[in-house]
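Student: Sharing a sequence plus its predicted fold:
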Amino acid sequence: MGKKIIFIIGSMRRGGAERVISILSNHFAEMYKVEIITLLDDDNGYLLDRKIEIKSFLPSSKKTFIKILYWIKNLRKEFKKESKFYDITIISFIARINILVILSNMFFKNRLLISERNDPKEDGRKWYYALLTNLLYKKADKIIFQTHYAQGCFSKNIQKKSAIIQNPIERKDEYKISERKYEEIILTAGRLVDQKNHFFLIKSFQYIIAKNPQLKLFIYGDGPLLKNIESLISSLGLNNYIFVYRNDINIFEKMQKAKIFVFSSKFEGMPNALLEAMSFGIPCVTTRFNGVDEIIENNVNGIIVDGNEIKFSDAVNDLLNNIKKYDSISNNAIKSSKKYYINRVLSLWEKQLFR
């Protein structure tokens, strides 16, 4: 009997969890049958191997209960059909999807891996979702967390069935760290949503250019707050200093030109953009969020800021004016990012795939 991996997620639009699934599915498609099922839409923002089968289970009803029944019915039907021909491992991402998939896999013998991709205490999940995750996660064969912080948000019984696997970084040979020539650019990347806290970053930047007027801030991302962000930039008179670009598939190339990478999230799982910037040796300045100290050791391989916009801008300006500190953080960021290199992370996933 052949082996098959079924990934389940809401969408394959560009995002952190979606990017990880694209990397995993492309890699595993070289060895196994791979299928991706989306439950919220049929968009895809990634280049996927032609061998990967993509299906979308999209309910026509807008009523929550009807949608849940539709998803469970169709997932169970798919699991039953595929398990006749393959030894199946199901991998689902994101809490609400995890709950659906656990219920859909009840009484089947398929191996089930579920993964938390955000901060369980801060991502806005309703109390009943929190209750259901604690009750149902123990039904999975393995729970994958990105950080020890997220793992610690759950019961000891769940922790015993879990593993820590960080996000993978795709290193590309054409991007030579030693040859990086930065410009007077500060860069950030992330969806234009409240979680990413771009308003904080924009307000901070007015204090940064007060001391370093040669700088520009490039924001890469898309999302529902685009017009609000553009309005704030205009109201602060920063149109000549801050530029917003939609998601760019060549973000690696753009990132290499940045002098500093800034990150202002209120909460995160494990931010891909931050890891990628560190891997290029770009000194990073970030707000504090739960789990960030597992990525950055403050003032060693990056800077973590507690406080307001002025303190954040002071941290950036200090880094710009201290070449020794800048170079030290750059070198340490490269060294510490090696544990996220794709081959190491893929090997950790491979150990969990099949019984």
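Tutor: Looks like it arrived, so ask away.

Student: List the buried residues of stretch 51-67.
Tutor: I52, F57, P59, K67 (16 or more other Cβ atoms under 10 Å). No exception for glycine: its C-beta is placed from N, CA and C like everyone else's.

Student: So which of these sit within strands?
Tutor: Judged by DSSP state E, strands contain none of the buried residues of stretch 51-67.

Student: What segments of the stretch 101-250 of the chain are strands?
Tutor: Using DSSP state E, counting those that start in this stretch, the strands found in the stretch 101-250 of the chain span residues 111-115, 142-145, 162-164, 185-189, 216-220, 242-245.

Student: would you turn those into JSON lines with distance to I9, mean pLDDT and mean neighbour count?
Tutor: Putting the strands of the stretch 101-250 of the chain into JSON lines (distance: least, Cβ to Cβ, whole Å; pLDDT from 0 to 100; neighbours: other Cβ atoms under 10 Å) gives the following:
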{"stretch": "strand 111-115", "distance to I9": "10", "mean pLDDT": "98", "mean neighbour count": "24"}
{"stretch": "strand 142-145", "distance to I9": "13", "mean pLDDT": "98", "mean neighbour count": "22"}
{"stretch": "strand 162-164", "distance to I9": "19", "mean pLDDT": "97", "mean neighbour count": "16"}
{"stretch": "strand 185-189", "distance to I9": "20", "mean pLDDT": "96", "mean neighbour count": "24"}
{"stretch": "strand 216-220", "distance to I9": "22", "mean pLDDT": "97", "mean neighbour count": "20"}
{"stretch": "strand 242-245", "distance to I9": "25", "mean pLDDT": "96", "mean neighbour count": "17"}
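
Student: of all those strands, which lies closest to E230?
Tutor: strand 242-245 (6.3 Å; Cβ to Cβ).

Student: what are the pairing partners of that closest one, and which direction each?
Tutor: Using DSSP bridges, strand 242-245 pairs in its sheet with strand 216-220 (parallel).

Student: and the strand it pairs with, C-alpha only, in PDB?
Tutor: Included here for strand 216-220 are C-alpha records, laid out as PDB according to Å, rounded to 0.1, in the frame of the first residue of the first chain:
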ATOM      1  CA  LYS A 216      12.700  55.100   3.700                       C
ATOM      2  CA  LEU A 217      10.300  52.500   5.200                       C
ATOM      3  CA  PHE A 218       9.100  49.800   2.800                       C
ATOM      4  CA  ILE A 219       6.000  47.900   4.000                       C
ATOM      5  CA  TYR A 220       5.300  44.600   2.100                       C
END
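
Student: how far does that strand sit from the chain's center?
Tutor: Distance, stretch centre to chain centre, for strand 216-220: 19 Å (Cα atoms, centre = their mean, to the nearest Å).

Student: between that strand and strand 185-189, what angle do the directions make?
Tutor: 20 degrees (axes from the mean of the first three to the mean of the last three Cα atoms, to 10 degrees).

Student: Quick check: chain neighbours aside, which residue is closest to H27?
Tutor: Setting aside the residues directly before and after it, H27 is nearest to L346 in space (Cβ to Cβ, 6 or more residues apart in numbering), at 5.5 Å.

Student: Show residues contacting the helix or strand containing that neighbour.
Tutor: Taking DSSP states H and E as the criterion, L346 maps to helix 342-350. With Cβ atoms under 8 Å, 6 or more residues apart in numbering as the test, helix 342-350 has contacts from I23, L24, H27, A163, I165, Q166, N167, P168, I169, E170, R171, K338.

Student: and that helix with strand 111-115, angle?
Tutor: Using the same axes, to 10 degrees: helix 342-350 against strand 111-115 is 130 degrees.

Student: Would you mark the buried spots in helix 342-350?
Tutor: V345, L346, W349.

Student: Phi, psi for the residue nearest to N134 when sequence neighbours are not counted please.
Tutor: In this structure, N134 finds its nearest non-sequential neighbour in S155, 6.0 Å apart by Cβ to Cβ, 6+ apart. For S155, the backbone dihedrals (degrees, to the nearest 10) come out as phi -70, psi 160.

Student: where's the helix holding L346 relative to the chain centroid, distance-wise?
Tutor: 16 Å.

Student: Kindly report the same for stretch 254-267.
Tutor: With Cα atoms, centre = their mean, you get 14 Å for stretch 254-267.

Student: Next, the buried residues of that stretch.
Tutor: M255, Q256, A258, K259, I260, F261, V262, F263, S264, S265, F267.

Student: Point me to the helix or strand that includes S330.
Tutor: Applying DSSP H and E, one finds S330 within helix 323-336.

Student: Packing partners of that helix?
Tutor: For helix 323-336, the packing partners by 3 or more Cβ pairs under 8 Å, 6 or more residues apart in numbering; DSSP states H and E come out as helix 272-279, helix 309-320.

Student: Go again with 10 Å.
Tutor: strand 260-263, helix 272-279, strand 284-287, helix 309-320 (3 or more Cβ pairs under 10 Å, 6 or more residues apart in numbering; DSSP states H and E).

Student: of all these, which lies closest to E82?
Tutor: helix 272-279 (29.7 Å).

Student: For that closest one, name the packing helices and strands.
Tutor: By 3+ Cβ pairs under 10 Å, 6+ apart, helix 272-279 packs against helix 16-28, strand 185-189, helix 251-255, strand 260-263, strand 284-287, helix 323-336.
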